[in-house]
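K.L.:
Here is the input, now give the coordinates:
(chains A and B, ligands or ions: 2)
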Amino acid sequence: MLKYSFKRLSQSLVTVFIVVTLVFLLMRLLPVEGYFGDGYDKLTPEQREAILRKFGLLDPWYIQLKNFYASLFKGDLGRSIIYRPDVPVLNIIKLKIPYSFAFGIVAIVLSLTAGLAMGIHMAREKGRIWDRIWSSYIVFINAVPSAVYLLFIQLYITNIKLFRLPMLFDRHNTISWILPAISMSLGGTAGYAMWMRRYMVDQLNQDYIRLARAKGMSDRQIMVKHVLRNAFVPMAQYLPASVLFTISGSIYIESLYSIPGMGGLLVDVIQRQDNPLVQTLVLIYSVLGIFGLFLGDILMAVFDPRIRLEKAGGAR
Amino acid sequence: MNEPILSVRDLVVKFSLRGQVLTAIRKASLDLYEGETLAIVGESGSGKSVFTKSWIGMLDANGWIDSGSIMFEGKNLATYTTEPEWLTIRGKKLAMVFQDPMTALNPLRTVGMQIQEALELHQDLHGEQARAKTVEILSEVGIDEPEMRYSQYPHEFSGGMRQRVVIAIAVACNPRILICDEPTTALDVTIQAQILELIRGLQRKMGATLVYITHDLGVVANVADRVAVMYAGEIIEYGTVEEIFYDARHPYTWALLSSLPQLGIKGEPLYSIRGTPPNLFADIQGDAFAPRNPNALKIDFVKGPPFFQVSQTHFAKTWLLDPRAPRVEPPATIKAMRDKYERYAL
Ligand SMILES: Nc1ncnc2c1ncn2[C@@H]1O[C@H](COP(=O)(O)OP(=O)(O)O)[C@@H](O)[C@H]1O
Ligand SMILES: [Mg+2]
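P.N.:
Residues are numbered from 1 along each chain as shown, chains lettered A, B, ... in the order given. Ligands and ions are numbered 1, 2, ... in the order given. Presented below is the predicted three-dimensional model:
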């Protein structure tokens, strides 16, 4: 297990290195207007060149890369140019994290509870009416672009006077949390339900279920002691990535409800071409993604002895 | 003989498959006696698994008992429909060992826990006691270092070892009747004999009644007291091992015996049964084996035969036993066996 974790960790670190480098190099292809602030038109060509030189953008790419890594190891990811001029990007992002995190946690709890319950229900009712009802929900969520139904929810539900739900997020108003949190959990619910159903049906068709029945276990006991746990193992692989993804903020929903989180920030700074902020956010998202996959593999190994005990004894 | 422990009468089992109805078991009847070992033999597809699975309510979801009775401890199991009813029998009184040990165990639970589950359900043992008993059973089924093996996972066991675990689970159930459905078919030949030996030993020790299903007549002589031959969902002949091996009366039993490589006469080509088993979707007219029987009589195609009694313990469902039937000689291999037997019996 230790050996396996170590191997996966080093693989992940290599991936992080490659991805960070790629992100940095791709960022160099972005337009540079953002670096000149608001007064782009008034600057002379010489002044523009001086600014670009100040940011080190005229150096060859490998020098830039070297400098980037040098400051990265010092924990310096640069300063914002337009969004909050001259404020270190990490200070800006730090203020955003709590919002994304809080919404993410709520959305995860909602979608995991609803999704797993739905998936289990579907597996138990396979081929019957409830299976179809929940399936149509899943198909809907997957087939209709989320922008459409999320906008629909925002516009129409806030229109229903009975609920008195506000259109936009306001951190002093507790009920303004409701719609964004529900919106964020809809996709996850469908995803978890779909996977849970599939993995449970897979398990129910396994031969060992037959032996468990022949032993005299009731269907309920088999469900609890064998099927649920086994079905959860393949889920465990995707869970950390999905959790990290959710708590790092939904780009669309945060902008839709004006939530001051990381996702909303990304949209903002891309529009304003504040490249150091864009770069840092993209880096954070990529590293979280890789880290999530790593955690997933470890979690799966914890649950599955066939991976955990690999080479530590092996089949005889 | 004494009262049967289990008594099946005219059992009919059907399946619905893509809108059609298939009759897998057609009026099969069988008595099982306390403490005996009964082998059920027949080609694959003849209904051996379905027949026995119907006794513990483990037919696939598309199957049902259409008519007939299964009497056990004064109750008719054929009328059972709900899970609580079956749970009074399944695992508790009748346990089953299946064919493929490679997939029979849950890969994510320890071997020990999977045996212990059965102990907790049927022997009212818990915690440390259950654990100790599990280790004891592991060693009883011939697994070395049972303490260490207890907390291992199925993938750390070989096929033969896994089958021992499956058998351990059946032992933990402490059943009155143990059904082994081709328990060695999926294993290496060398291991087959060991597993067979294990099952026999345990049966003697537990005093359970054993039903041993196989399509291989060769192993039957080693395990069974009695043999029932199944064809197309019917029991067509049954008797003691000697009666079936040396005095078989049904042409299908002859065919099965003649196809045994061990019995082949030097120089004669190995016998194989012509044709294919009947279509189970259709109604069967007369004797189901008639179309494949080179000596079929006219009546075989019109009317199914009843059971004719050959001896106190030996019955066969063939018109050949009717006093009016012409005399039909069994194939050469069968006659050779008979002669050999009679010589030795002297
Ligand atoms: N779930 C099922 N649905 C339809 N037909 C089935 C099902 N299970 C078994 N059968 C049919 O019943 C017959 C007997 O099968 P089985 O008892 O498995 O044979 P055996 O164990 O003697 O090889 C076969 O023709 C098989 O195709
Ligand atoms: Mg079978």
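
K.L.:
the helices in the stretch 51-200 of chain B, which residues?
P.N.:
Under the criterion DSSP state H, counting those that start in this stretch, the stretch 51-200 of chain B carries helices at the ranges B:83-87, B:111-122, B:127-140, B:146-150, B:159-173, B:189-206.

K.L.:
looking at those helices, which is buried most?
P.N.:
Comparing the helices of the stretch 51-200 of chain B by mean neighbour count (mean count of other C-beta atoms under 10 Å in any protein chain shown), helix B:159-173 ranks first with a mean of 25. (Glycine included, C-beta is placed from N, CA and C.)

K.L.:
If I take that one and helix B:127-140, what angle do their directions form?
P.N.:
With axes from the mean of the first three to the mean of the last three C-alpha atoms, to 10 degrees applied, the angle from helix B:159-173 to helix B:127-140 works out at 130 degrees.

K.L.:
For the stretch 51-200 of chain B, which residue gets nearest to ligand 1?
P.N.:
B:Asp60 (3.3 Å; C-beta to the nearest ligand atom).

K.L.:
what's the spacing between that residue and chain A?
P.N.:
The gap separating B:Asp60 from chain A is 10 Å, by C-beta to the nearest C-beta, to the nearest Å.

K.L.:
Kindly report the same for B:Lys317.
P.N.:
B:Lys317 sits 30 Å away from chain A, going by C-beta to the nearest C-beta.

K.L.:
which residue sits closest to that residue in space, ignoring its chain neighbours?
P.N.:
Spatial nearest neighbour of B:Lys317, chain neighbours left out: B:Ile236 (4.7 Å); criterion: C-beta to C-beta, 6 or more residues apart in numbering or on different chains.

K.L.:
Identify the residues contacting the residue of chain B most remote from its centre.
P.N.:
For chain B, the largest distance from the centre (C-alpha atoms, centre = their mean) belongs to B:Glu128, which lies 36.0 Å off. B:Glu128 makes no contacts at all, as judged by C-beta atoms under 8 Å, 6 or more residues apart in numbering or on different chains.

K.L.:
Nearest residue to the residue of the stretch 101-250 of chain A found nearest ligand 1 in space, please, no chain neighbours.
P.N.:
The stretch 101-250 of chain A approaches ligand 1 most closely through A:Arg210 (12.0 Å), counting by C-beta to the nearest ligand atom. Residue nearest to A:Arg210 in three dimensions, not counting chain neighbours: B:Phe98, with 6.6 Å by C-beta to C-beta, 6+ apart.

K.L.:
Dump the C-alpha coordinates for the host helix or strand of the residue of the stretch 101-250 of chain A closest to ligand 1 into PDB.
P.N.:
In this structure, A:Arg210 sits in helix A:207-214 according to DSSP states H and E. Taking Å, rounded to 0.1, in the frame of the first residue of the first chain, the C-alpha atoms of helix A:207-214 are listed here in PDB:
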ATOM      1  CA  ASP A 207     -21.900 -14.800  -8.900                       C
ATOM      2  CA  TYR A 208     -21.000 -14.100  -5.300                       C
ATOM      3  CA  ILE A 209     -24.500 -12.700  -4.700                       C
ATOM      4  CA  ARG A 210     -25.900 -16.100  -5.600                       C
ATOM      5  CA  LEU A 211     -23.700 -17.700  -2.900                       C
ATOM      6  CA  ALA A 212     -24.600 -15.100  -0.400                       C
ATOM      7  CA  ARG A 213     -28.300 -15.900  -1.100                       C
ATOM      8  CA  ALA A 214     -27.700 -19.600  -0.900                       C
END
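
K.L.:
quick revisit: OK, contacts around the residue nearest to B:Lys317?
P.N.:
Contacts of B:Ile236 by C-beta under 8 Å, 6+ apart are B:229-230, B:250, B:252-253, B:289, B:316-318.

K.L.:
now do 6 Å
P.N.:
B:229, B:250, B:252, B:317 (C-beta atoms under 6 Å, 6 or more residues apart in numbering or on different chains).

K.L.:
now B:Arg9
P.N.:
B:Arg9 touches B:29, B:68-69, counting by C-beta under 6 Å, 6+ apart.

K.L.:
Neighbour count for these - can I get that in JSON lines?
P.N.:
What follows is those, written out as JSON lines (neighbours: other C-beta atoms under 10 Å in any protein chain shown):
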{"residue": "B:Ser29", "neighbour count": "18"}
{"residue": "B:Gly68", "neighbour count": "19"}
{"residue": "B:Ser69", "neighbour count": "16"}
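
K.L.:
And the helices in the stretch 1-150 of chain A?
P.N.:
Under DSSP H, counting those that start in this stretch, the stretch 1-150 of chain A gives helices at A:2-27, A:45-54, A:61-73, A:89-124, A:129-143, A:146-159.

K.L.:
and the residue of the stretch 201-316 of chain A found nearest chain B, how many neighbours?
P.N.:
Relative to chain B, the nearest point of the stretch 201-316 of chain A is A:Gly216 (2.3 Å; C-beta to the nearest C-beta). Neighbourhood size, A:Gly216 [other C-beta atoms under 10 Å in any protein chain shown]: 24.

K.L.:
do B:Leu17 as well
P.N.:
Other residues lying near B:Leu17 total 12 when counted by other C-beta under 10 Å.

K.L.:
And it, what's its pLDDT?
P.N.:
pLDDT recorded at B:Leu17 is 93.

K.L.:
Pairing partners for it in the sheet, please.
P.N.:
B:Gln20 (DSSP bridges).

K.L.:
Okay, it and A:Gly104: tell me how far apart.
P.N.:
B:Leu17 sits 49 Å away from A:Gly104, going by C-beta to C-beta, to the nearest Å.

K.L.:
what does the stretch 1-150 of chain B put close to ligand 1?
P.N.:
Within the stretch 1-150 of chain B, the residues that sit near ligand 1 (C-beta under 6 Å from any ligand atom) are B:15, B:17, B:22, B:24, B:42, B:44-50, B:60, B:62-63.

K.L.:
from these, which has minimum pLDDT?
P.N.:
B:Ser44 (88).

K.L.:
B:His215 is in contact with that residue, correct?
P.N.:
Yes. Under the criterion of C-beta atoms under 6 Å, B:Ser44 makes contact with B:His215 at 5.2 Å.

K.L.:
So for those two, which residue has more residues nearby?
P.N.:
Using other C-beta under 10 Å, the more surrounded residue of B:Ser44 and B:His215 is B:His215, with 17 against 11.

K.L.:
that older thread, name the nearest residue to the residue of the stretch 51-200 of chain B closest to ligand 1, sequence neighbours excluded.
P.N.:
B:Phe15 (7.1 Å).

K.L.:
Which secondary structure state is assigned to the one you found?
P.N.:
Following DSSP: H, G, I helix; E, B strand; the rest coil, the label given to B:Phe15 is strand.

K.L.:
shouldn't it be in contact with B:Asn62?
P.N.:
Yes. The pair B:Phe15 / B:Asn62 is scored as a contact, 5.2 Å apart, by C-beta under 6 Å.

K.L.:
The two - which one has more neighbours?
P.N.:
Using other C-beta under 10 Å, the more surrounded residue of B:Phe15 and B:Asn62 is B:Phe15, with 19 against 12.
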